[in-house]
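> Quick one: sequence and predicted model below, then my questions.
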Amino acid sequence: MKKKLRKIIVAVTAMVLSAISVTGMTVSADIADNSTDYVMGDVNADGKFTIADVILFQSWLMGSDVTLNNTQAVDFCEDGVLDVFDLCMMKSELINHNDSFIPCTATINDVFVDYVVVINTKQQYPERIWTAEDFKGVENIDVVLDATPPTWNGQVLYVLLKDCSKENVLKMIHEIESLNIEEICTVRPTSWEPGIE
């Protein structure tokens, strides 16, 4: 169902943008970056492919006076033409592969609950049952719960602490991050009270 929904979103985006007369522009030799050392989609050349790149490219297609720092990075169709089809593929790629590990930046001064750590897994991995055994060496785990909402693209886990404190939440986050588990996208505290019974 999720794959069908993504295809529909891409198709509708293409139709809408086509309807407002967005035309393709040929990548000319004087603006094309012939470097092979770039991140695909990173049109602003900051080393990351993010929503900022999509917004910049869409603005450029709409005729705004913006500069594309790396035009090759946005030629998703690899046809030498930058157009709405590249934009659609770019958006789809961002939706499907925005799974880079993002380290936690929370500090003790932030507002968050003191008894749970939230883990998001990457989209490309199948759902599975997680237990405390998956986090060998991490102390203070009471229980690991799957809290994945029906519309989520990865898994959401709650890891409940035995000994609750904000310091222990941050310690557990650091311990889990240091395991470098490939499936994990983020490990973070939460400022809201999850519906755990």
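Yes, it's here. Residues are numbered from 1 along each chain as shown.
> care to break this structure down by domain?
Using automatic domain parsing, the domain parsing of the chain gives 2-97, 116-188.
> any chance of those in CSV, with distance to A106 too?
Where C-beta positions appear, they are placed from N, C-alpha and C, glycine not excepted. Output for the domains of the chain, formatted as CSV (distance: least, CB to CB, whole Å):
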stretch, distance to A106
domain 2-97, 21
domain 116-188, 6
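> which of the ones you listed has the lowest average pLDDT?
Lowest mean pLDDT within the domains of the chain: domain 2-97, at a mean of 69.
> First-to-last residue distance for stretch 140-149?
Taking CA to CA, to the nearest Å, the span from the opening residue of stretch 140-149 to its closing residue is 26 Å.
> Which of the domains of the chain sits closest to P103?
The closest of the domains of the chain to P103 is domain 116-188. By CB to CB, the value is 6.1 Å.
> hang on, the earlier thing: got the domains of the chain as JSON lines, with mean neighbour count columns?
JSON lines is the format used below for those (neighbours: other CB atoms under 10 Å):
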{"stretch": "domain 2-97", "mean neighbour count": "15"}
{"stretch": "domain 116-188", "mean neighbour count": "16"}
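> Assign L157 to helix, strand or coil.
Assigned by DSSP: H, G, I helix; E, B strand; the rest coil, the conformation of L157 is strand.
> oh, and call the first residue 627 from now on, that's how I've got it
Done: numbering now begins at 627, and the last item shifts to L783.
> wait, what's in contact with it?
Applying CB atoms under 8 Å, 6 or more residues apart in numbering to L783 gives the contacts 744-747, 756, 770-773.
> with those in mind, which one is nearest to T733?
Out of the contacts of L783, the member with the shortest distance to T733 (by CB to CB) is V744, at 16.5 Å.
> how close does the residue nearest to G780 when sequence neighbours are not counted get to L783?
Computed as CB to CB, 6 or more residues apart in numbering, the closest residue to G780 that is not its neighbour in sequence is T747, at 4.3 Å. To L783, T747 is 7 Å away according to CB to CB, to the nearest Å.
> Thanks a lot, catch you later.
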